[in-house]
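Compute the structure for the input listed below.
(2 chains)
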Amino acid sequence: MRKSWWKILCVLLLTFAFVGGLLLPVPEMFILNETIRNLFFHVPMWFGMIILFTASLVYSIRYLRKGNLVDDIYALQFINTGLLFGTLGLITGMEWAQFTWGAAWSNDPKELSAAICMLIYFATLALRSSVNDPDKRAKLGAVFNVFAYALLIPLLFVLPRLTDSLHPGNGGNPGFNTKDMAPELRPTFYIAVLGWILLGVWITSLRIRFSLLIKKDILHENNA
Amino acid sequence: MKIMHKMAALLKSKYLLTLALFLPFISRAQDAAPMAETFRSNGKIYVVVLVICTIFAGIILFLVNLERKIKKLEKNQPK
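Residues are numbered from 1 along each chain as shown, chains lettered A, B, ... in the order given. As a prediction, the model looks like this:
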């Protein structure tokens, strides 16, 4: 139990996010109506994905510096969970858009760039799985992960802001604009984001431990 | 004090009353957007909260159980 305090924190934060996210008062807006509450559920998916991909980048760079296959397993599993979050973010976004923007897919710049990002990450996974040699696979995966992250930043944070977008905070606006989100939404939103990030790290840690058990023979060889 | 008197005079003046006549037109955009009031007044939203919390509890129990199994495997590893 001594190391699991953050898992308990994760459960508490997410429970608050679910109950508070559904019951706390929200601004009354046309078109959005009660779907404004999706802010507490859809957006944390993307925040979670970005944090998980960032963690993956750190482990990929560590692998490239030190050549330890354990770091590669960490990087890979962070990508896997990040893609789970991204996929859920895309699906929930489409469900939301169907009822607020009138269509599940409206070729919004942010929709497109998020989809491109996910495809790039799926492509790196496909690429690395096509190599049989574990060291070569890890090296290839790490290098392409760095490139994928380098594309993630302009695709998600720069390009959508250069043009008009249906997403808030775009069309020339800076990020974290005080007008983009009503102040009463912020506490619940950040609690939800933190809770989902912790849940993502928890799932990833289980996948990492499982993967380490499966690949212990290769790892043993590698370290010997 | 002078400001207070001026404000009281403004409140009594007809100018404000005429303004109030136009208020419905000015403030139409801020009229209450339809929110899920009947939904909530029937108390049914709590059912949804309960369902979501149940699913969440199930997922967390699943994760805890999975972690326990992995821990057991890790302990049985030959050093």
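
Only C-alpha atoms from now on, for both contacts and neighbour counts.
OK.

Can you give me the pLDDT of the residue nearest to residue A:131 when sequence neighbours are not counted?
Closest residue in space to residue A:131, ignoring its immediate chain neighbours: residue A:137 at 5.3 Å, by CA to CA, 6 or more residues apart in numbering or on different chains. Model confidence at residue A:137, given as pLDDT, is 95.

Residue A:137 and residue A:22: what is the separation?
Per CA to CA, to the nearest Å, residue A:137 is found 45 Å from residue A:22.

more neighbours, these two?
The neighbour comparison of residue A:137 against residue A:22 (other CA atoms under 10 Å in any protein chain shown) goes to residue A:22, with 20 against 16.

List the buried residues for the longest helix anywhere in chain B?
Among the segments of chain B that qualify as a helix by DSSP state H, the longest is helix B:45-75. Neighbour counts over helix B:45-75 (16 or more other CA atoms under 10 Å in any protein chain shown) mark B:45, B:49, B:52, B:53, B:56, B:60, B:63, B:67, B:70 as buried.

May I see those organised as TSV, with distance to residue A:126 and pLDDT added?
Shown next, in TSV, are those (distance: CA to CA, whole Å; pLDDT from 0 to 100):
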residue	distance to residue A:126	pLDDT
B:45	43	78
B:49	39	84
B:52	34	90
B:53	36	90
B:56	31	94
B:60	30	94
B:63	27	94
B:67	28	93
B:70	27	93
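
what residues does chain A put near chain B?
Within reach of chain B by CA under 8 Å from any CA of the partner chain, chain A has these residues: A:11, A:15, A:18-19, A:22-23, A:28-30, A:33-34, A:203, A:206, A:209-210, A:213.

Out of those residues, which two sit at the greatest distance?
The largest separation in the residues of chain A next to chain B, counting by CA to CA, is between A:30 and A:213 at 52.5 Å.

ok, and what's touching stretch A:45-55?
Identification of contacts with stretch A:45-55 by CA atoms under 8 Å, 6 or more residues apart in numbering or on different chains yields A:75, A:78-79, A:81-83, A:85-86, A:88-89, A:149, A:193, A:196-197, A:200-201.

which among the residues you listed gets closest to residue A:218?
Residue A:218 lies nearest to residue A:75 out of these, by CA to CA, at 16.7 Å.

I'd like to know how many residues surround that closest one.
Neighbours of residue A:75 under the rule other CA under 10 Å: 29.

In terms of helix, strand or coil, where does it fall?
Following DSSP: H, G, I helix; E, B strand; the rest coil, residue A:75 is assigned to helix.

For residue A:77, give its distance to residue A:159.
Per CA to CA, residue A:77 is found 28 Å from residue A:159.

cool, residue A:97 as well?
Distance, residue A:97 to residue A:159, by CA to CA: 20 Å.

Around chain A, which positions in chain B sit nearby?
Contact residues (CA under 8 Å from any CA) of chain B with chain A: B:32-36, B:45, B:49, B:52-53, B:60, B:63, B:66-67, B:70, B:73-74.
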